[in-house]
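Visitor: have a look; sequence and predicted model below, questions after that.
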Amino acid sequence: MNSQAARLLPWGVVLALMVPTGAHAQILGQGTLEPFTPHFLPLGPVRQDGIYVAGEAIFFRVNSSIKSQVVARRGLVDTAGNIFAEMTVDQNGTDDDDTDDIVVIPPQPQPGRILGSNEVALRTDQVRGDDGRPGLRLTIGYRFPNDVTIEGVFWLLPEHRRSAWASILPPNLQQGDFFSRSFLYAPFYNVPVDFIGPTNDVQQILVTHFINPDAPDEVEEGDEVPAYGVFNGAELFRVTYKQEFYNYELNVRFPTYPLDVFRTYTSVGLRYLRSFERFELIAEDLSIDGSGLAVGRYRNRWTNNLFGVQGSYGGEVYLGYGFALLGEVRAGLFYDDFHARTEATVEGSALILRRKHTDANLSPMLGTGVFLYWYPVDSVVVRIGYEFLGFFNVIRSTEAIDFNLGTLEPTFRSTLLRFDGFSAGIAIRF
């Protein structure tokens with residue numbers, strides 16, 4: 001190729017979109033055209049067929065399906081009305097003889113009364129951030145003399161977790177009347193007896209108000225009683241959300257438009273993506289004297305097995321001096337085999353509340369990527385790029401908690417599973 005053509009080349013047509021295949025380019029801006037293959041295929045002027053391997057570091061963001069739910073509030077629920085009571089007394093004079101005092105309003109138990117500020121202390125959206133996480137992609141393939149290639153791809157995003165919690169110390173360290181803001185509760189109901197928590201959880205309180213404004217209120221302490229339920233009157237709530245992904249592909253690529261400085265390709269293949277997502281809520285309920293600790297756990301775990309077919313179309317243009325730019329687009333259709341398990345337990349109890357869920361769906365896929373290639377020496381290629389991959393209509397948990405322990409049916413809906421981010425790596429042909 002003459003020098004005039006080389007100068008005009010960067011203004012050539014760029015890209016299409018998805019898994020790369022055979023192509024040609026000048027090596028390091030030399031005056032001869034030598035074939036190379038995008039997407040980490042074998043390259044170099046000596047021979048183009050053979051085995052190749054590639055390793056990449058990937059850094060992808062993955063979206064979360066979890067929507068906002070209130071997990072815990074500050075205070076506790078007086079479920080039986082035996083924790084807190086008030087009465088009003090008309091004090092007859094200011095003497096110390098209370099036998100002639102008149103009870104204007106007697107103590108009235110109020111079952112279900114919320115003691116404390118009831119302000120939100122913990123929400124599920126505190127662990128749903130779409131932050132990036134590192135992973136690894138490995139590729140091994142074979143290129144035939146006619147530029148047709150077959151390759152296997154494996155990539156993984158190891159377990160990534162986000163956690164948030166609320167404890168006995170509220171904002172500004174203001175624990176409220178009778179330390180009511182130092183307690184936490186979640187509104188679980190249909191709670192079995194095995195989940196009662198410590199029997200000496202809180203202290204009974206009786207408050208006496210006097211009509212005489214000069215007489216201060218009197219506070220009497222009663223027995224130590226349970227705030228029924230390990231999720232009521234607790235000292236700590238913690239939520240954790242985990243994600244983990246494994247991807248396997250087998251693709252065959254065919255050159256379609258082989259020019260010296262611009263190439264296109266198509267591919268067909270199979271993909272299997274396994275997605276693990278885990279949500280866990282832990283409540284720690286300590287007895288009033290610190291002698292006993294009850295730990296309640298609520299878990300919602302779901303797995304998606306996405307397997308199906310995919311195809312792609314892409315193109316690359318040689319920029320000169322060993323650099324090339326490639327774009328690709330891919331699409332596919334997948335069967336979503338969905339499994340979920342929800343359970344609630346208390347440490348030390350043999351009772352396990354559990355429910356399993358299964359479902360299936362068809363999930364379309366769309367993806368795209370833009371990559372910059374550099375060929376420093378024969379049989380070696382370096383690549384960096386940006387990628388997007390979206391699976392639509394994937395069944396995932398949106399409201400991870402069902403506060404009804406009698407059903408354990410959190411909300412599962414069809415939604416998007418999205419990956420996007422950057423990759424960088426190196427390939428070698430043998």
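Guide: Perfect, I can see it now.
Visitor: could you tell me the end-to-end distance of stretch 111-128?
Guide: 35 Å (C-alpha to C-alpha, to the nearest Å).
Visitor: residues in contact with residue 271?
Guide: 247-249, 306-310, 332, 334, 365 (C-beta atoms under 8 Å, 6 or more residues apart in numbering). All C-beta atoms are positioned from the backbone trio N, CA, C, and that covers glycine.
Visitor: from these, pick the one nearest residue 344.
Guide: Out of those, the one with the shortest distance to residue 344 is residue 306. That distance is 28.6 Å, counting by C-beta to C-beta.
Visitor: what is the one helix or strand the closest one maps to packed up against?
Guide: Taking DSSP states H and E as the criterion, the element that holds residue 306 is strand 293-320. For strand 293-320, the helices and strands in contact under the criterion 3 or more C-beta pairs under 8 Å, 6 or more residues apart in numbering; DSSP states H and E are strand 23-26, strand 236-258, strand 262-286, strand 323-346, strand 352-374, strand 380-399.
Visitor: could you rerun that using 7 Å?
Guide: Using 3 or more C-beta pairs under 7 Å, 6 or more residues apart in numbering; DSSP states H and E, the elements in contact with strand 293-320 are strand 23-26, strand 262-286, strand 323-346, strand 380-399.
Visitor: tell me the buried residues in that strand?
Guide: Buried residues in strand 293-320, defined by neighbour count with 16 or more other C-beta atoms under 10 Å: 293-296, 298-302, 304, 306, 308, 310-319.
Visitor: give me the mean pLDDT for it.
Guide: Averaged across strand 293-320, the pLDDT comes to 95.
Visitor: tell me the pLDDT at the closest residue to residue 364 other than its chain neighbours?
Guide: Closest residue to residue 364 in three dimensions, ignoring its sequence neighbours and counting by C-beta to C-beta, 6 or more residues apart in numbering: residue 392, at 5.0 Å. The predicted local distance difference test score for residue 392 is 97.
Visitor: which ones are touching residue 392?
Guide: When contacts are counted by C-beta atoms under 7 Å, 6 or more residues apart in numbering, residue 392 is found next to 363-364, 416.
Visitor: again, only using 10 Å
Guide: 334, 361-366, 414-418 (C-beta atoms under 10 Å, 6 or more residues apart in numbering).
Visitor: between which two of these is the distance greatest?
Guide: With C-beta to C-beta as the measure, no two of the contacts of residue 392 lie farther apart than 362 and 418, at 17.7 Å.
Visitor: more crowded one of the two?
Guide: residue 418 (17 against 12; other C-beta atoms under 10 Å).
Visitor: right, and the more buried one touches residue 275 too?
Guide: No. Counting by C-beta atoms under 10 Å, residue 418 does not reach residue 275; the two are 11.6 Å apart.
Visitor: between these two, which contacts overlap?
Guide: When contacts are counted by C-beta under 10 Å, 6+ apart, residue 418 and residue 275 are jointly contacted by 62, 391, 394.
Visitor: pretty sure the second one contacts residue 365?
Guide: Yes. Checked against C-beta under 10 Å, the pair residue 391 and residue 365 is within contact range at 5.1 Å.
Visitor: identify the contacts common to the two.
Guide: 273, 306, 308, 332, 334, 417.
Visitor: what's the closest of those to residue 239?
Guide: For these, the closest approach to residue 239 (C-beta to C-beta) belongs to residue 417, at 21.0 Å.
Visitor: ok, that closest one - contacts?
Guide: Residues in contact with residue 417, defined by C-beta under 10 Å, 6+ apart, are 62-65, 245, 273, 275, 277, 304, 306, 336, 363, 365, 389-396.
Visitor: go on, residue 129?
Guide: Here residue 129 is in contact with 61, 63-64, 162, 241 (C-beta under 10 Å, 6+ apart).
Visitor: mind putting those residues into a markdown table with pLDDT?
Guide: Putting the contacts of residue 129 into a markdown table (pLDDT from 0 to 100) gives the following:
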| residue | pLDDT |
| --- | --- |
| 61 | 96 |
| 63 | 95 |
| 64 | 93 |
| 162 | 95 |
| 241 | 96 |
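Visitor: tell me the one of those nearest residue 148?
Guide: Closest to residue 148 out of the contacts of residue 129 is residue 61 (34.1 Å), distances taken as C-beta to C-beta.
Visitor: any idea how far that closest one is from residue 130?
Guide: Residue 61 sits at a distance of 5 Å from residue 130 (criterion: C-beta to C-beta, to the nearest Å).
Visitor: of those two, who's got more company?
Guide: Neighbours around residue 61 and residue 130, counted as other C-beta under 10 Å, are more numerous at residue 61. The numbers are 14 against 10.
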